[in-house]
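A.B. asks: my questions are about this predicted structure, shown below with the sequence.
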Amino acid sequence: MSTVAIMPSKPAGVMLACAALFIALLATLVPAAAATALTVPVPAHGNECFYVQVDDPGKKIQFYFAVQSGGSFDIDYVVSDPDFTVIVNGEKERQGDFVFAAEKKGEYSFCFSNAMSTFAEKVIDLDLSVEGEKEKRAKIPEAPTVSKDGIKIDTSGSEETLFRISTQLNSYLRSQKFYHTREKRSMATVASTETRVYRFATGLSLLMVLTSVAQVYVVKTFFRGYAGLGRI
């Protein structure tokens, strides 16, 4: 809990403390890693690759993907280091979330293959981030310990609270990604089912029309034959 020793008659101290906390909150929410979030389509029989440059060995690379729509919501993937050594791979996976340390300096590749699909295009969400090996906190600007009016201000407790809030926000963000992926898949399933029902109903209606026309033709032909025999 934060302890801010101010008097009601000192509005300047209150404003200064609020400004310091606001700046600290903004600094906490700034990520310490370079991140890239993409939504990309992978055509049938196609491949898509993405690359991340690592300047110093020992940095962590976070790799997250989820298939949003297309076919059975699965795809093949391969993660390789700068020497083309496979770090992690998978076949017919719906989603994945990995964190590994880059042992070499250079360009790491993240490739997706949709070669198994005959005609279905896959849409995937991709999130790549590079950070330091040790978890780094966002550096908070040092707030003044004494206001202009000589009142002591303590913000150490507030800083810890803000860090906990930042951690919880990251957790909520991952949960939102999970529910977003599940919602997209459900919507794709509903759309696919609706299309199939529509096509089946249309085909059945055309079959019924053709059957009716064929029955009318057969009946007319049958009676025409009997009418010709009666005239004879």
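C.D. replies: On my side now, so go ahead. What you see is a predicted model, and the numbers here were worked out from it, not measured in a lab.
A.B. asks: just for the protein, where's the confidence low?
C.D. replies: 1-36, 131-156, 225-232 (pLDDT under 70).
A.B. asks: strands along that one, start to end?
C.D. replies: In the chain, the strands defined using DSSP state E lie at 3-4, 34-42, 47-54, 60-69, 75-80, 86-93, 95-101, 106-113, 122-131, 153-154.
A.B. asks: mind putting the ones you listed into TSV with distance to Leu206 and mean neighbour count?
C.D. replies: Any C-beta I mention is one placed from the backbone N, CA and C, and that applies to glycine too. Putting those into TSV (distance: least, C-beta to C-beta, whole Å; neighbours: other C-beta atoms under 10 Å) gives the following:
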stretch	distance to Leu206	mean neighbour count
strand 3-4	76	15
strand 34-42	33	13
strand 47-54	39	15
strand 60-69	29	20
strand 75-80	36	20
strand 86-93	36	13
strand 95-101	40	14
strand 106-113	38	17
strand 122-131	32	19
strand 153-154	79	16
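A.B. asks: Tyr179 is nearest to which of those strands?
C.D. replies: strand 60-69 (11.2 Å; C-beta to C-beta).
A.B. asks: please save the CA atoms from the closest one in CSV.
C.D. replies: The C-alpha coordinates for strand 60-69 follow below in CSV (Å, rounded to 0.1, in the frame of the first residue of the first chain):
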residue,chain,number,x,y,z
LYS,A,60,14.6,-15.2,-25.1
ILE,A,61,12.3,-15.7,-28.0
GLN,A,62,8.6,-16.1,-27.4
PHE,A,63,6.6,-17.8,-30.2
TYR,A,64,2.8,-18.0,-30.2
PHE,A,65,0.4,-19.1,-33.0
ALA,A,66,-3.2,-20.2,-33.3
VAL,A,67,-5.1,-21.3,-36.4
GLN,A,68,-8.2,-19.1,-36.6
SER,A,69,-10.0,-20.6,-39.6
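A.B. asks: and that strand, which strands flank it?
C.D. replies: If you go by DSSP bridges, strand 60-69 pairs up with strand 95-101 (antiparallel), strand 122-131 (antiparallel).
A.B. asks: I'd like those as CSV, with distance to Tyr108 appended.
C.D. replies: Formatted as CSV, the strands paired with strand 60-69 follow (distance: least, C-beta to C-beta, whole Å):
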stretch, distance to Tyr108
strand 95-101, 9
strand 122-131, 9
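A.B. asks: out of the ones you listed, the one nearest Cys49 is which?
C.D. replies: The nearest among the strands paired with strand 60-69, by C-beta to C-beta, is strand 122-131 at 11.0 Å.
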